[in-house]
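# Got a sequence here, can you model it:
(2 chains)
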Amino acid sequence: MSDLLMEAHGLRKAYGRTEALRGVSFGLAAGERVAITGPSGSGKSTLLLSLAGILRPEAGEIRYAGSRLDDLSETARTRLRRREFGVVLQFGQLVPELTALQNVALPLMLERHDRTSADRLARGWLERLGASDVAAALPGELSGGEAQRVALARALVTSPRIVFADEPTGALDTVSGEALLVALHDAAKEAEAAVVVVTHDNRVAARADREIRLVDGMIA
Amino acid sequence: MIRLAWHLTVVGGRGRAVLLAACTAVVGGLLLVGQAMLLLPEYPQEALYSVVADAGTRSGFAFAVFLLALPALLLLFQAVRLGTSARERRLAALRLAGATPGDVRRLGALEVGLPTFAGAVAGYGVYRLMRGVFGGAPVDAGCCEPGVTRHGSLAGFVPTSVAPAWWQVLLTVLVVTVLGVIVGTAANRGVVVSPLGIARRTSSNPPRPWGLLLVVAGIGFGVSALVLFGTSELVDLLAPLASIALLVVGLISLAPWTAYVVGRTARRARTAPVLLAARRLAGDPRPAGRAAAAVGAIGLVAGGAAAMAADILETQEPGDRAYYLVAIGLVGVGLLLALLAVIGSLAIHSVESLLDRKRSVASLAALGGTTGLLAQSQRAEVGLVAMPMALGGTLLGSLLIGIPLAGLGLPWAVATALALGAVAGLVWSAVRLAVLITGPWIRKAADPANLRTA
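Model (predicted):
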């Protein structure tokens, strides 16, 4: 039995006639920080979204904590993602009608936590990430950096074992991007969560324990 | 979940929720008024307008009241689509936050179910209001002979001596809520929400004219009603009602197919607005077809009423004409009310169509398309479907009533021509008004900022 937290073997995924992943294999240890890099269209995001259980690969297998992830139903994968993973995308993708605090509390509310404890935990994460002053703001009122901090708080509020981040600093200026990265790694370390981050940015990759470079859907 | 759905309904779609509730309130109110009419004894205790007071015509009038609920339901179907792009962003974000497909479906059902339930409850208020305003006048005890029908004024057509029992009201609330949720769910059919966004399972097959079968069946029931007239009371009552119901549903079902055929036919148009509209219709005919669906039924009833009016003027004594002609006038009022719902439905379709294509609209504006040209294109998209539906329905209604009554003579031809002219004018005005309402959204969609969004 492998002591890896997550393993993937021979992943393949195509969009029409374009092959995004061509037999990619991957392993992630608990608490490890991995950067996935590569040129545009190399399959980085497809790999990350497949590992996070958002996309389903057409071939190959993904195991999380020893169990198959890729053959679970959509609902089962969503529940697993809600409990075990945190996901941050490039533009935050917050629910526009909910305040920052409500957005962070949302995964807990979906897990049937009572509102008071969900709010308390959400407020705690917003404070840790330096975003407590925007708790009552709606996503439309937040700057890009603030929205990403809120999205990161939402990803961490369930104490996930892996945080997946797809170009989390892609829409931010250098200073905000740097601040978010520090926050991401510090928070993940504190929560003992592994981090898988897709990036174009060498500075982001440099913060990782390991870098995987994809070219044309294969590991270079 | 209910609290979250309530929050999203209140914050994210207040206008939509109010419109959903208003539509279901109207449906609920009309159903209760129709039920009250059917509960009347043969000789009502109050003075009611003649077609309600007379037991022979009462069930037909109650049926017409039930039919009036149909445009409101079609408007509800369109109202569910209001704010689609914002709602889709919200649902995708919820999925990313960990909501399962089942959670999202339940939230969607609650977002429709909560306002429709509120509307269904408010429907009782609409009924009470109609009863208060249009209630039959009470007759003093002992003033009239028992077993005598008391005719009242035109403004008194809602029964006041009888009312649906509490369980009938409760059942109506339940039925209207379920109907609202079913219509709402049907409007979201084929939408797949993933954490990365929305995908629609659009059918690549063009719509088929299955509605023709219902129209033929409706004509068949109409012929049976004539052939079997007088054989039994039940046949005399049910055959014409079944005929009308099948014709109405058939014409409504034919709307997407009509949109497709018109779109295919008009795609060689020489003017840019019509060409753009025709291409959109041929590519995705169902939304525009559904938005204009009720106009075919409006035309059908208008054509039938015109042929009936021609027959009345020919066959009835001058003194008796008023009885029938006022009833036909009442049908006209009902049709105008239905047309109001159609205007709402067309406007909602036009707004959603613009917001769905805002990048291409912004591209057109960048290429030099004025807002006037964009408005013309919207008018063409809606009008190309609505006009043939309305005129076809009018001609069908006029033929179906005209042939068995007085034949297709000159009075019928004049009445039909007048009806076609009136329906064409009213439906075109409705199209213009619907697109006029969407003016701010045309300008919003043409904003150059939309060129930079996905």
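# Report the contact partners of the residue nearest to B:V173 when sequence neighbours are not counted.
Once flanking residues are discounted, B:V173 sits nearest to B:A120: 4.4 Å by C-beta to C-beta, 6 or more residues apart in numbering or on different chains. C-betas here are computed from N, CA, C, even on glycine. If a contact means C-beta atoms under 8 Å, 6 or more residues apart in numbering or on different chains, then B:A120 has B:24-25, B:27-28, B:172-174, B:176-177, B:180 as its contacts.
# per the record, what domains does chain B have?
Chain B breaks down into these domains under automatic domain parsing: B:1-202, B:256-454.
# Rebuild these as a markdown table, extending it with distance to A:L106 and mean pLDDT.
Converted to a markdown table, those look like this (distance: least, C-beta to C-beta, whole Å; pLDDT from 0 to 100):
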| stretch | distance to A:L106 | mean pLDDT |
| --- | --- | --- |
| domain B:1-202 | 5 | 83 |
| domain B:256-454 | 24 | 87 |
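# So which of the contacts of B:A120 wins on neighbours?
Neighbour counts for these (other C-beta atoms under 10 Å in any protein chain shown) peak at B:T24, which has 33 neighbours.
# element containing that residue, please.
Here B:T24, judged by DSSP states H and E, is contained in helix B:14-39.
# Which strands or helices does that helix pack on?
helix B:55-80, helix B:101-134, helix B:166-187 (3 or more C-beta pairs under 8 Å, 6 or more residues apart in numbering or on different chains; DSSP states H and E).
# so what's the residue of chain A found nearest chain B up against?
With C-beta to the nearest C-beta as the measure, A:R82 is the residue of chain A nearest to chain B, at 3.0 Å. Listed by C-beta under 8 Å, 6+ apart, the contact partners of A:R82 are A:107, A:110-111, A:158, B:97-98.
# Pop out the phi and psi values for the one residue in chain B that gets nearest to chain A.
Nearest residue of chain B to chain A (C-beta to the nearest C-beta) works out as B:G98 at 3.0 Å. In terms of degrees, to the nearest 10, the main-chain angles of B:G98 are phi 120, psi 0.
# That one touches A:R77, doesn't it?
No: using C-beta atoms under 8 Å, B:G98 is not in contact with A:R77; the gap is 10.8 Å.
# if we can go back for a sec, where does the residue of chain A closest to chain B sit: helix, strand or coil?
When classified by DSSP: H, G, I helix; E, B strand; the rest coil, A:R82 comes out as helix.
# isn't there a helix covering A:A20?
No: read with three-state DSSP, A:A20 is strand and lies in no helix.
# I'd like the distance between it and A:E141.
For A:A20, the distance to A:E141 equals 36 Å [C-beta to C-beta, to the nearest Å].
# now do A:G170
21 Å.
# before we move on, what about B:R267?
B:R267 is 45 Å from A:E141, by C-beta to C-beta.
# between those two, who's got more neighbours?
B:R267 (15 against 12).
# Get me the contact residues on chain A for chain B.
Residues of chain A lying close to chain B by C-beta under 8 Å from any C-beta of the partner chain are A:49, A:54, A:74-75, A:78-79, A:81-82, A:87, A:89, A:93-98, A:102-103, A:106-107, A:109-111, A:115, A:154, A:158.
# Apply 7 Å and report the result again.
Proximity of chain A to chain B is confined to A:54, A:74-75, A:78-79, A:81-82, A:87, A:89, A:93-97, A:106-107, A:109-110, A:154 under the rule C-beta under 7 Å from any C-beta of the partner chain.
# among the residues you listed, which are in helices?
Cross-referencing these against helices under DSSP state H gives A:74-75, A:78-79, A:81-82, A:106-107, A:109-110, A:154.
# Scan the residues you listed and report the most crowded one.
Neighbour-wise, these (other C-beta under 10 Å) top out at A:R154, 30 neighbours.
# just to revisit the earlier point, which of the contacts of B:A120 sit farthest apart?
Greatest spatial distance among those (C-beta to C-beta): B:A25 and B:L174, at 14.9 Å.
# How about the contacts made by residue 72?
Using chain A. A:L80 (C-beta atoms under 7 Å, 6 or more residues apart in numbering or on different chains).
# Let me rephrase: I mean chain B.
B:23, B:26-27, B:341.
# gap between it and B:V301?
Counting by C-beta to C-beta, the gap from B:A72 to B:V301 is 15 Å.
# What is the burial count for the residue lying closest to B:I348 once chain neighbours are set aside?
Sequence neighbours aside, B:Q78 is the residue nearest to B:I348 in space, at 4.2 Å (criterion: C-beta to C-beta, 6+ apart). As a burial measure, B:Q78 scores 26 neighbours (other C-beta under 10 Å).
# Tell me if I'm right that B:Q78 and B:A291 touch.
Yes: if you go by C-beta atoms under 7 Å, B:Q78 and B:A291 touch, sitting 5.9 Å apart.
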